[in-house]
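A.B. asks: Task: produce atomic coordinates for the following.
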Amino acid sequence: MSIEIETELQTAVDKRRNFAIISHPDAGKTTLTEKLLLYGGAIHEAGAVKAKRAQRHATSDWMEMEQQRGISITSTVLQFEYQNCQINLLDTPGHQDFSEDTYRTLAAADNAVMLEDSAKGLEPQTRKLFEVCKMRKLPIFTFFNKMDRPGREPLELLDEIEKELGLKTYPVNWPIGMGDRFKGVFDRRKKEIHLFERSVHGSKAARNTVVNLGDPRIEELLEQDLYYQLKEDIELLEELGSDLDLEQIHKGEMTPVFFGSAMTNFGVQLFLDAFLEYALKPGTHKSTVGEISPTYPNFTGFVFKLQANMDPKHRDRVAFIRVCTGRFEKDMTVSHARTGKTVRLSRPQKLFAQDRDSIEIAYPGDIIGLNNPGVFAIGDTIYNGKKLEYEGIPCFSPEIFAYLRNPNPSKFKQFRKGVNELREEGAVQIMYSADEAKRDPILAAVGQLQLEVVQFRMQNEYGVETNVEMLPFSVARWVNSGWDVLRQVGRLFNTVAVKDSWGRPVLLFKNEWNCQQVESEHPELNLNTTAPVVSGQEPESL
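C.D. replies: Purely as a prediction, here's the structure:
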């Protein structure tokens with residue numbers, strides 16, 4: 001490899017940081033995303049999701065249904081520059097019915113930001129997503145939001161993370177007051193007090209006054225009781241708290257903690273500054289030929305998300321690709337590991353929610369959008385040079401099942417197209433009855449809202465009205481041993497066998513108890529909660 005290419009790649013990797021935000025619905029994720037963009041200079045005025053009165057919608061929530069409900073359903077990618085670094089922010093759905101989309105997005109992230117509401121602390125959805133981060137050993141940064149409202153004591157919040165998630169904590173900044181008396185934060189990195197001034201709805205960057213801890217002006221700027229409380233807290237942290245350990249942060253064993261308010265912009269910039277310093281740069285990826293470094297000269301990448309109809313006028317389909325190694329160039333020709341075909345990557349785009357710019361070049365850690373004429377599936381690897389394949393992205397066990405019916409036979413073509421494209425995109429898993437006579441697809445989802453979105457999009461994007469018929473099952477397990485072993489077992493009570501889009505057997509159970517009973521009586525079935533990762537095989541279309 002030439003020294004020039006290696007140097008070019010290393011320089012690009014050193015400048016890049018990418019992260020996904022995980023949180024429970026309503027913790028303020030879309031607001032924080034907007035404020036990070038505001039400080040990154042990517043937008044000049046933030047429009048809060050719920051600021052309906054001004055009819056301005058959040059930059060990152062582009063689907064009509066998201067804007068109506070004020071929630072994030074799809075994952076988007078937002079790219080911006082800050083302090084000479086290229087930041088890729090992978091925005092994920094906050095609603096728990098879309099956790100599978102979040103799992104896939106985390107496969108493309110190098111770091112995770114765990115956003116918590118300071119009044120509520122750890123919530124169920126955050127715990128669930130934390131497990132995925134832990135599985136992938138992602139560095140986790142914690143941001144306690146909504147400090148401008150009454151909340152729990154900061155020490156209590158740290159204690160909860162240490163006890164319940166088993167993570168060491170290191171507060172990078174410390175709040176001064178709370179609720180109406182939230183005045184700012186103490187930055188432990190620089191030993192400075194940042195006192196903030198509120199701006200209208202936080203639509204502009206917050207102005208702040210910075211003073212050193214011993215500065216006599218503090219007496220005038222800060223009420224005495226808040227100042228004494230701060231000094232006491234800092235002494236306590238220095239004596240009893242852990243020391244900052246970058247190695248532990250990068251292994252996902254320690255979390256740097258930040259306090260602030262995304263709505264009023266308090267503490268957002270301090271978080272961004274520290275994040276650049278502590279975050280993991282794009283690193284190695286496991287593949288069929290071993291660990292691959294980002295400075296490996298040949299281009300490689302994998303598809304972690306597909307999205308249909310981002311631009312309803314053009315009925316387009318976009319594949320989101322994480323660049324893992326080498327340099328991506330517009331119009332380059334690559335090999336597709338699963339199909340063995342050669343694909344020309346024309347019209348690559350840099351993504352910014354619904355806005356897209358054409359790009360000429362991209363480096364490891366970047367996310368690019370490619371027009372997808374049905375070539376790509378989630379988990380696909382594309383590469384140049386020696387053949388390799390990255391680990392696939394597993395499907396998680398759905399909990400809700402329903403037949404999707406098309407009451408209008410004249411719309412069958414549109415119905416089929418919609419079902420196939422939404423399956424490709426991973427909006428919902430599609431299964432079929434093992435009985436060949438029943439051809440209606442079975443929607444397999446993590447939550448009810450996913451089914452509503454499928455019906456909404458079938459109507460809105462494909463012009464097909466659909467009916468949903470719920471099935472009485474709540475647990476799915478893949479039969480790793482295959483169809484022959486399942487047939488030998490014979491009839492199972494309160495259980496139905498269906499096949500997934502790759503024709504593999506899946507058992508649906510009424511409840512967890514039924515599932516455990518079959519598992520103990522028939523260990524030969526080798527049941528699994530996640531689907532085996534597919535390689536080199538086309539999924540079945542409707």
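
A.B. asks: Look at D435 and give its secondary structure.
C.D. replies: Of the three states, D435 takes coil under DSSP: H, G, I helix; E, B strand; the rest coil.

A.B. asks: typo on my end, E461
C.D. replies: Under three-state DSSP, E461 comes out as helix.

A.B. asks: Leaving out the residues flanking it, which one is nearest to S261?
C.D. replies: D148 (4.2 Å; Cβ to Cβ, 6 or more residues apart in numbering). C-beta here means a position set from N, CA and C on the backbone, and glycine is covered the same way.

A.B. asks: my bad, should have said I321
C.D. replies: G301 (4.5 Å).

A.B. asks: same thing with P282?
C.D. replies: G365 (3.3 Å).

A.B. asks: Do a quick rundown of the helices in the stretch 401-542 of the chain.
C.D. replies: 412-425, 448-462, 483-489, 512-521 (DSSP state H, counting those that start in this stretch).

A.B. asks: could you point out which element follows the helix or strand bottoming out on mean pLDDT in the chain?
C.D. replies: One helix or strand of the chain scores below all others by mean pLDDT, DSSP states H and E: helix 64-69, with a mean of 50. Following the chain from helix 64-69 toward its C-terminal end, the next helix or strand by DSSP states H and E is strand 76-82.

A.B. asks: Next SSE downstream of that following strand?
C.D. replies: strand 85-91.

A.B. asks: Counting by contacts, list what the helix or strand just after that next one packs against.
C.D. replies: As assigned by DSSP H and E, the chain's next helix or strand after strand 85-91 is helix 99-106. Counting contacts by 3 or more Cβ pairs under 8 Å, 6 or more residues apart in numbering; DSSP states H and E, helix 99-106 packs against strand 16-23, helix 124-135, strand 300-308.

A.B. asks: D110: which of these is closest?
C.D. replies: strand 16-23 (5.1 Å; Cβ to Cβ).

A.B. asks: just checking, what packs against the closest one?
C.D. replies: Applying 3+ Cβ pairs under 8 Å, 6+ apart, we find strand 16-23 packed against helix 29-39, strand 85-91, helix 99-106, strand 111-117, helix 124-135, helix 268-278.

A.B. asks: Alpha carbons only: can I get that strand in PDB?
C.D. replies: Provided in PDB are the C-alpha atoms of strand 16-23 (Å, rounded to 0.1, in the frame of the first residue of the first chain):
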ATOM      1  CA  ARG A  16     -14.200  11.400  12.000                       C
ATOM      2  CA  ARG A  17     -16.500  10.600  14.900                       C
ATOM      3  CA  ASN A  18     -19.900   8.900  14.600                       C
ATOM      4  CA  PHE A  19     -22.500   8.200  17.200                       C
ATOM      5  CA  ALA A  20     -26.100   7.100  17.600                       C
ATOM      6  CA  ILE A  21     -28.500   8.500  20.300                       C
ATOM      7  CA  ILE A  22     -30.500   6.000  22.300                       C
ATOM      8  CA  SER A  23     -33.300   7.000  24.600                       C
END
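
A.B. asks: what angle sits between it and helix 124-135?
C.D. replies: 140 degrees (axes from the mean of the first three to the mean of the last three Cα atoms, to 10 degrees).

A.B. asks: Adjacent strands (with direction) for strand 16-23?
C.D. replies: strand 85-91 (parallel), strand 111-117 (parallel) (DSSP bridges).

A.B. asks: can you give me the mean pLDDT across that strand?
C.D. replies: Average pLDDT, strand 16-23: 91.

A.B. asks: returning to that earlier point: could you pull up the contacting residues of the residue nearest to S261?
C.D. replies: G179, D180, F182, S261, M263, T264, F266 (Cβ atoms under 8 Å, 6 or more residues apart in numbering).

A.B. asks: picking up where we left off before, which among the strands paired with strand 16-23 is found nearest to E461?
C.D. replies: Comparing the strands paired with strand 16-23 by Cβ to Cβ, strand 85-91 comes nearest, at 21.1 Å.

A.B. asks: List of residues touching the closest one?
C.D. replies: 15-21, 29-30, 33, 36-37, 40, 60, 72, 75-81, 105, 108-109, 276, 353, 365-367.

A.B. asks: okay, now the closest residue to N18 other than its chain neighbours: neighbour count?
C.D. replies: Among residues not flanking N18 along the chain, N88 sits closest, at 3.8 Å (Cβ to Cβ, 6+ apart). N88 is flanked by 25 other residues according to other Cβ atoms under 10 Å.

A.B. asks: Name the residues linked to N88 by a beta bridge.
C.D. replies: On the basis of DSSP bridges, N88 is bridged to N18, Q79.

A.B. asks: if I look at it, how far off is E521?
C.D. replies: 48 Å (Cβ to Cβ, to the nearest Å).

A.B. asks: And I193, by the same measure?
C.D. replies: 65 Å.

A.B. asks: Confidence-wise, which of the strands paired with strand 16-23 is weakest overall?
C.D. replies: strand 85-91 (a mean of 87).

A.B. asks: Would you enumerate the residues in contact with D180?
C.D. replies: So D180 contacts D148 (Cβ under 8 Å, 6+ apart).

A.B. asks: Am I right that it falls within a helix?
C.D. replies: Yes: remark: D180 belongs to a helix, assigned using three-state DSSP.

A.B. asks: What pLDDT is listed against it?
C.D. replies: 90.

A.B. asks: And it, how far from T264?
C.D. replies: 12 Å.

A.B. asks: repeat for A476
C.D. replies: 44 Å.

A.B. asks: same check, this time on D117
C.D. replies: 15 Å.

A.B. asks: How about R17?
C.D. replies: 25 Å.

A.B. asks: Next: K29.
C.D. replies: For K29 relative to T264 (Cβ to Cβ), the value is 16 Å.

A.B. asks: between those two, who's got more neighbours?
C.D. replies: K29 (26 against 22).

A.B. asks: What is the burial count for the spatially closest residue to the more buried one that is not a sequence neighbour?
C.D. replies: Nearest residue to K29, sequence neighbours excluded (Cβ to Cβ, 6+ apart): S23, at 4.6 Å. When neighbours are counted by other Cβ under 10 Å, S23 registers 25.

A.B. asks: Test of understanding: give the bridge partners of S23.
C.D. replies: L115.

A.B. asks: so how far is D187 from it?
C.D. replies: Counting by Cβ to Cβ, the gap from S23 to D187 is 23 Å.

A.B. asks: Please apply the same query to L471.
C.D. replies: L471 is 54 Å from D187, by Cβ to Cβ.

A.B. asks: Quick check: which ranges of this protein have low pLDDT?
C.D. replies: Residues of the chain that meet the criterion pLDDT under 70 lie in 1, 42-76, 92-100, 198-204, 206, 308-316, 348-358, 372-373, 394-396, 532-539.

A.B. asks: got the CA coordinates for the biggest helix by length in it in PDB?
C.D. replies: The helix that spans the most residues within the chain, counting by DSSP state H, is helix 224-240. The C-alpha trace of helix 224-240 is given here as PDB (Å, rounded to 0.1, in the frame of the first residue of the first chain):
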ATOM      1  CA  GLN A 224     -24.500  31.900  47.900                       C
ATOM      2  CA  ASP A 225     -26.300  28.600  48.700                       C
ATOM      3  CA  LEU A 226     -25.800  27.300  45.100                       C
ATOM      4  CA  TYR A 227     -22.100  28.200  45.200                       C
ATOM      5  CA  TYR A 228     -21.600  26.400  48.500                       C
ATOM      6  CA  GLN A 229     -23.500  23.400  47.300                       C
ATOM      7  CA  LEU A 230     -21.400  23.300  44.200                       C
ATOM      8  CA  LYS A 231     -18.100  23.400  46.200                       C
ATOM      9  CA  GLU A 232     -19.400  20.600  48.400                       C
ATOM     10  CA  ASP A 233     -20.400  18.400  45.500                       C
ATOM     11  CA  ILE A 234     -17.100  18.900  43.700                       C
ATOM     12  CA  GLU A 235     -15.100  17.900  46.800                       C
ATOM     13  CA  LEU A 236     -17.200  14.800  47.200                       C
ATOM     14  CA  LEU A 237     -16.700  13.900  43.500                       C
ATOM     15  CA  GLU A 238     -12.900  14.400  43.800                       C
ATOM     16  CA  GLU A 239     -12.700  12.200  46.900                       C
ATOM     17  CA  LEU A 240     -15.100   9.400  46.200                       C
END
